[in-house]
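> model the structure of this input:
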Amino acid sequence: MRILLIEPAKSPISMAGEDVFLFESLALEYVAAGVSADHDVRILDQRIDDTVEQTLEEYRPDVVGITGYTVHANRMKLLAERAKTWNPEVLTVVGGHHATVAPRDFESPHIDLVVVGEGVNNFREVVRRFDVCEGFDGIPGVWVKTDRGLQEGEVNPARDLDDLPFPDRSLTKAYRHAYYSEYMQPLASIRTSKGCPFRCNFCALWKIAGGRYLKRDPEKIVQELAGIEEEFVFFADDESLVDTARMKRLAELIRQSGMRKRYFLYGRSDTIAKNPDLLALWRDVGLERVFVGLEFFRDSDLEFINKGSTTSHNLRAVRVLHDLGIDIYASFIVRPEFTEEDFAEFRRYCRSIDLSFASFAVLTPLPGTDLYDEVEDQLLTREPEFFDFTHTVLPTTLPLEEFYEQYFRLYTKTIPLRNVFAFMSKYRLRDVPASLAKFRRWSKRLRTLHKDYGRACVPGRTS
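Residues are numbered from 1 along each chain as shown. Presented below is the predicted three-dimensional model:
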């Protein structure tokens, strides 16, 4: 059979995503690896290659699978509709993050199956049964369209990650040159763990893993790394460093292998603060950049999101990384309640810790999180396109236009100019003009986001 797997592009109204970075379709590469030995499989990355109709006509798939996050939910349904319009007999399957936390959002005449949770093995079983004209009842994690709506599937248990095949990266060969995060291009991705032992209220990833922290064997990780051609490698984990013994073993194996790559991974500030020797070990085997969720500049805000770390951890982590010469991808959160003084204090704080790069996400109650359950009745909109961590979906204390002016200033007034130049020096010279142009377009759009709310806000709930 011919199987087409689609990575959707975001809606034009949504911010972030491919506006500022582009990671490989790792989830689809995993799913493809489960069926590619027995079937003809193709991955279409719509973020780069928007040829859906042409691909349907030329490739003529029997099965179309679509993944995505909350921000992609409507686009996923539209893609399924386009596939069914092309051929009503094609089997349409959706999966991914949003399908896992809110499967009933995909009740649609154009969607046959919804895969909840890890999709490699149950998608393989879906394909096997479709190939021999069997029904889909009883497959763990697979919800089936019926005349009465989606029929809930059996629980899909969390699996040992080492039981899964390596992702089939050959299927994204045509796109791999385009995957990047800032100056790191081309950038490969690898998953070494899943889940998180912490319980932040704005995050659903620990819930998706059943509250467990699932880890891959270091030897298998090194084996997979050896097959990756790219120099830059991103660890697409929910949290990479928390099991310090495992990460020490992995770094030692990488050193023994003689492999030389440049790594980018996630790390909590408290883990970094308490384990400078681990970070030094990783620096020596190629760790170049760490994504650190510093989140806020006040302990009261960190307590509000149940972060489990403190601003003291944050400051210590920044010092550790600075001392080791490891780049900090500092990730912060902006609460919709922030006043003008809060924004000013935030800018002063960021400048005081001498960052070279920072991102600021508007606090967003994603479906599937504890925070969503707490504030659902306050939402300005339920349209998925607005759940992009840049549009606020909660009322703001400041008028929206002023809120986004202050938000814009966080991006333009928090990094010292000398650090901006130092960071830009990491780019290939030929990439600098395009990167600056992209930032100008993005920042210009940022200042006008308040205009997006006319059709989306719930009547009577404006700010």
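
> kindly provide the distance from residue 145 to residue 312.
Distance, residue 145 to residue 312, by CB to CB, to the nearest Å: 52 Å. (Each C-beta comes from the backbone N, C-alpha and C, glycine too.)

> contact partners for residue 105?
73, 98-99, 367 (CB atoms under 8 Å, 6 or more residues apart in numbering).

> just those: which are in strands?
The members of the contacts of residue 105 all map outside strands under DSSP state E.

> the stretch 201-350 of the chain: helices as residue ranges?
In the stretch 201-350 of the chain, helices defined by DSSP state H, counting those that start in this stretch lie at 205-208, 218-226, 244-257, 269-274, 276-284, 299-304, 311-324, 340-352, listed in chain order.

> which of these sits closest to residue 376?
Checking the helices of the stretch 201-350 of the chain against residue 376 by CB to CB gives helix 205-208 as the closest, at 16.0 Å.

> now the closest one: mean pLDDT?
Helix 205-208 shows a mean pLDDT of 86.

> so what secondary structure elements neighbour that helix?
In terms of contacts (3 or more CB pairs under 8 Å, 6 or more residues apart in numbering; DSSP states H and E), helix 205-208 is packed against helix 97-101.

> so residue 145 and residue 312 - more neighbours on which side?
More crowded of residue 145 and residue 312, by other CB atoms under 10 Å: residue 145, with 19 against 12.

> which elements pack onto the helix or strand harbouring the more buried one?
In this assignment (DSSP states H and E), residue 145 forms part of strand 142-146. Judged by 3+ CB pairs under 8 Å, 6+ apart, strand 142-146 is in contact with strand 113-115, helix 120-131, strand 149-151.

> report how many residues lie close to residue 92.
Neighbours around residue 92, by other CB under 10 Å: 24.

> how about it, secondary structure?
State at residue 92, reduced to three classes by DSSP: H, G, I helix; E, B strand; the rest coil: strand.

> got a list of what it touches?
Residue 92 touches 63-64, 66, 80, 83-84, 110-113, counting by CB under 8 Å, 6+ apart.

> please report how far it lies from residue 56.
Counting by CB to CB - residue 92 and residue 56 are separated by 12 Å.

> what is in contact with those two at once?
Common neighbours of residue 92 and residue 56 (CB under 8 Å, 6+ apart) are 64, 83.

> quick revisit: what's next to the strand holding residue 145, contact-wise?
The set of residues external to strand 142-146 that reach it, using CB under 8 Å, 6+ apart, is 103, 107, 109, 111-116, 122, 125-126, 135-137, 150-153, 156.

> do stretch 275-290 as well
With CB under 8 Å, 6+ apart, stretch 275-290 has contacts from 184, 241, 244, 247-248, 251-252, 254-255, 259-267, 272, 320-321, 323-329.

> of those, grab the buried ones for PyMOL.
To isolate the buried ones among the contacts of stretch 275-290 in PyMOL, judged by 16 or more other CB atoms under 10 Å, type:
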select buried, resi 184+241+247+248+251+254+261+263+264+265+266+267+272+320+321+324+326+327+328+329
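
> any idea how far the closest residue to residue 199 other than its chain neighbours is from residue 217?
Of all residues not flanking residue 199 in the chain, residue 306 sits nearest, at 5.7 Å (CB to CB, 6 or more residues apart in numbering). Distance from residue 306 to residue 217, counting by CB to CB: 31 Å.

> list the buried residues for the worst-scoring helix or strand of the chain on mean pLDDT?
Across the helices and strands of the chain, mean confidence by mean pLDDT, DSSP states H and E is lowest for helix 205-208: a mean of 86. Applying a neighbour-count criterion of 16+ other CB under 10 Å, one finds 205-208 buried in helix 205-208.

> hmm, back to that, what pairs with the strand holding residue 145, parallel or antiparallel?
If you go by DSSP bridges, strand 142-146 pairs up with strand 113-115 (antiparallel), strand 149-151 (antiparallel).

> could you identify which of these is most buried?
strand 113-115 (a mean of 27; mean count of other CB atoms under 10 Å).

> outside of that one itself, list whatever touches it.
Contacts of strand 113-115 (CB under 8 Å, 6+ apart): 91-95, 99, 103, 106, 122-123, 126, 136, 141-145, 150, 153.

> what comes up buried for stretch 281-301?
281-283, 285-297, 301.

> from residue 346, how far out is residue 264?
Residue 264 sits 25 Å away from residue 346, going by CB to CB.

> typed the wrong thing, it's residue 320
22 Å.

> can I see the domain layout of this protein?
2-151, 175-453 (automatic domain parsing).

> so what's the gap between the shortest one and the chain middle?
In this case it means domain 2-151. From the chain centre to the centre of domain 2-151 is a distance of 17 Å (CA atoms, centre = their mean, to the nearest Å).

> same deal with stretch 359-379?
Here stretch 359-379 is found 16 Å from its chain centre; the criterion is CA atoms, centre = their mean.

> quick one: contacts of it?
So stretch 359-379 is in contact with 70, 98, 100-102, 105, 199, 201-204, 207-208, 305-306, 329-336, 387-395, 407, 410-411, 458, 461, going by CB under 8 Å, 6+ apart.
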